[in-house]
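Visitor: Model the structure of this input:
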Amino acid sequence: MYNPPAFAETRDEALHAIMCASSLPVLVSPARGGGLLATHLPLLFQAPDRLVGHVAKGNFHWRDFDPAQDSLAVFTAAEGYVSPSWYPAKEEHGRVVPTWNYSVVHATGRLSIVEAPEPLLEIVTALTNRHEQGRAHPWAVSDAPDDYIAAQLKGIVGLVLTITKLEGKAKLSQNRSQADQDGVIAGAARVNPALADSMKRRR
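Guide: Below is the predicted model:
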């Protein structure tokens, strides 16, 4: 990842927050026969070094990836277009152009699969609890009949990425003046509140 020092994010808590805020990361793995496999799927970070998720058995990713090589999970949190009209510098000298602000994490590690019912149920339950939290009436895996859940588990395979490297980037206008940063926050607040909030937290 191209990662200039001004944008590099190295704080563990910030890296974990980006991963938790990413709704649909991408898992990329080398295939045994050559080439790359890519799957969009929810992944849950489990401290200190695990990402867990699952795919349908019909998805060839779990069958064809090379477990002897590293896989890569790409997480994107708040992101969005930055208009030059948001910069006070536009009125001062006009030497401004559009850009894109974003926060991302690349998690590298070895991928393994989970097929046994009990640990697979643990993965499904953990993912469900993560995404149901905060709802007025959260749904739980235990709300469904046991035999139905058992049948559903037969159609999926769990994935576990054991993380060996985390690389983060938060490109949030740090290379602009304070006035321009304030202008981007104000502009983004009107059309992309999540990006504005991300910039405020990064200060």
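
Visitor: in which helix or strand would I find the spatially most central residue of the chain?
Guide: Taking C-alpha atoms, centre = their mean, the centroid of the chain lies closest to Phe75, which sits 2.5 Å from it. Element membership for Phe75, per DSSP states H and E: strand 71-82.

Visitor: can you tell me which residues contact the residue nearest to the centre of the chain?
Guide: Phe75 makes contact with 18-19, 22, 25, 43, 104-107, according to C-beta atoms under 8 Å, 6 or more residues apart in numbering. Quick note: C-beta positions are derived from backbone N, CA and C, even for glycine.

Visitor: go with 7 Å
Guide: 18-19, 22, 25, 104-105, 107 (C-beta atoms under 7 Å, 6 or more residues apart in numbering).

Visitor: How far away from the center of its chain is the helix or strand of the chain with the lowest mean pLDDT?
Guide: Of all helical and strand segments in the chain, the minimum by mean pLDDT, DSSP states H and E falls on helix 89-92, at a mean of 85. In terms of C-alpha atoms, centre = their mean, to the nearest Å, the centre of helix 89-92 is set 35 Å apart from its chain centre.

Visitor: Now the element after it, going C-ward?
Guide: Next element after helix 89-92 (DSSP H and E): strand 99-114.

Visitor: Check which helices and strands that following strand sits against.
Guide: helix 12-21, strand 71-82, strand 156-171 (3 or more C-beta pairs under 7 Å, 6 or more residues apart in numbering; DSSP states H and E).

Visitor: and of those, who's closest to Leu51?
Guide: Distance to Leu51, taken as C-beta to C-beta, is lowest for strand 156-171 among those, at 4.2 Å.

Visitor: Run through who's touching the helix or strand hosting Ala150.
Guide: According to DSSP H and E, Ala150 maps onto helix 146-153. Contact partners of helix 146-153, identified using C-beta under 7 Å, 6+ apart, comprise 117, 120-121, 141.

Visitor: Please apply the same query to stretch 95-104.
Guide: Under C-beta under 7 Å, 6+ apart, the answer for stretch 95-104 is 18, 74-84, 87, 89-90, 169-173, 195, 198.

Visitor: In contact with the residue nearest to Ile156 when sequence neighbours are not counted, which residues?
Guide: In this structure, Ile156 finds its nearest non-sequential neighbour in His54, 4.6 Å apart by C-beta to C-beta, 6 or more residues apart in numbering. Applying C-beta under 7 Å, 6+ apart, we find His54 in contact with 123-124, 156-159.
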